[in-house]
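[1] sequence-free structure coming up:
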């Protein structure tokens with residue numbers, strides 16, 4: 001984090017990309033957690049699915065010294081593409097929250113130009129860690145609540161060049177942040193979190209690609225409350 005201090009925003013994102021792909025991430029981010037899904041299809045058939053997600057938000061460092069690191073959706077797409085992953089839909093964010101064994105709330109920091117600063121990133125992470133420790137929760141347990149997830153949504157096709165966010169759960173279990181595309185795709189602040197979801201999932205026990213499921217009118221309800229959306233070309237393009 002100290003090395004990133006003097007860098008421009010673009011240089012910082014490039015460094016984060018290099019560090020993640022070089023393996024500078026805690027072990028609890030490396031182990032994916034299964035989250036089970038169940039829903040009725042458009043035709044009324046019962047569907048079951050399973051997705052595999054990072055147990056926590058993307059972090060840099062080791063288990064003993066790490067920071068949950070916000071990045072732009074542009075950088076998140078690059079990393080996800082390299083790692084065979086995507087970002088969650090709002091429905092998956094809800095499913096992850098329901099499945100999580102650790103629910104952590106987080107403070108709202110004063111708005112302004114510092115929201116995207118490394119100081120805010122570090123301070124917010126410290127507050128999350130204090131609350132996690134107070135719960136006696138282990139690193140690697142599925143954690144949800146303290147960040148606004150950067151998500152994928154069919155609205156990306158309607159309003160391109162934006163950063164969809166959703167989540168940041170309060171103590172009552174409800175999302176504080178409704179789905180929003182107010183920010184452009186070069187924006188990130190301390191409250192944003194990157195949860196990686198493996199593209200490989202199962203539907204009724206059979207292997208499927210999550211983006212193919214999202215594009216299928218019959219299967220899409222497993223992973224989205226918005227109906228089918230073909231985000232494959234949008235997601236796989238170079239950034």
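    Everything's here; your move. Given the structure is predicted, the values throughout are model-derived calculations rather than measurements.
[2] list the buried residues for whichever helix in the chain runs longest?
    Longest helix of the chain, by residue count under DSSP state H: helix 118-135. Residues 118, 120-121, 124-125, 128-129, 131-132 are the ones in helix 118-135 that count as buried (16 or more other C-beta atoms under 10 Å). Yep, even glycine has a C-beta here, placed from its N, CA and C like the rest.
[3] just curious, which of the residues you listed is nearest to residue 74?
    residue 121 (17.6 Å; C-beta to C-beta).
[4] quick one: the closest one from residue 194, how far?
    12 Å (C-beta to C-beta, to the nearest Å).
[5] over to residue 9?
    16 Å.
[6] repeat that for residue 205.
    Distance from residue 205 to residue 194, by C-beta to C-beta: 29 Å.
[7] tell me which of the two has more neighbours.
    More crowded of residue 205 and residue 194, by other C-beta atoms under 10 Å: residue 194, with 26 against 8.
[8] strands of the chain, start to end?
    Under the criterion DSSP state E, the chain contains strands at 32-40, 46-54, 59-62, 65-68, 85-86, 102-103, 143-144, 148-150, 162-169, 175-184, 192-193, 197-198, 200-203, 206-209.
[9] residue 175 - how many residues pack around it?
    18.
[10] so it sits against residue 169, correct?
    Yes: when contacts are counted by C-beta atoms under 8 Å, residue 175 is listed as touching residue 169 (5.7 Å).
[11] now do the shared contacts for these two.
    Residues within reach of residue 175 and of residue 169 at once, by C-beta atoms under 8 Å, 6 or more residues apart in numbering, are residue 97.
[12] for the longest helix of the chain, packing partners?
    strand 65-68 (3 or more C-beta pairs under 8 Å, 6 or more residues apart in numbering; DSSP states H and E).
[13] who's in contact with the strand it packs on?
    1, 25-26, 56-61, 121-122, 124-125, 128, 147, 193.
[14] so, low pLDDT: which residues of this protein?
    Applying pLDDT under 70 to the chain flags the ranges 238-239.
[15] what about the most centrally placed residue in it, distance to residue 35?
    Ranked by distance to the mean C-alpha position of the chain (C-alpha atoms, centre = their mean), the top residue is residue 195 at 2.5 Å. Applying C-beta to C-beta, the value for residue 195 to residue 35 is 11 Å.
[16] tell me the phi and psi of residue 64?
    With angles defined as degrees, to the nearest 10, residue 64 sits at phi -90, psi -10.
[17] contacts only, for it.
    So residue 64 contacts nothing (C-beta under 8 Å, 6+ apart).
[18] do residue 168 as well
    106, 145-148, 175-177, 191.
[19] go again with 7 Å.
    147-148, 175-177, 191 (C-beta atoms under 7 Å, 6 or more residues apart in numbering).
[20] same check, this time on residue 186
    72, 74 are the contacts of residue 186 under C-beta under 7 Å, 6+ apart.
[21] check residue 82 too.
    If you count contacts by C-beta under 7 Å, 6+ apart, then residue 82 has residue 21 around it.
[22] give me the distance between it and residue 196.
    11 Å.
[23] same check, this time on residue 221
    For residue 221, the distance to residue 196 - C-beta to C-beta - is 22 Å.
[24] over to residue 115?
    23 Å.
[25] could you do residue 88 as well?
    Counting by C-beta to C-beta, the gap from residue 88 to residue 196 is 9 Å.
[26] with that, I have no additional questions.
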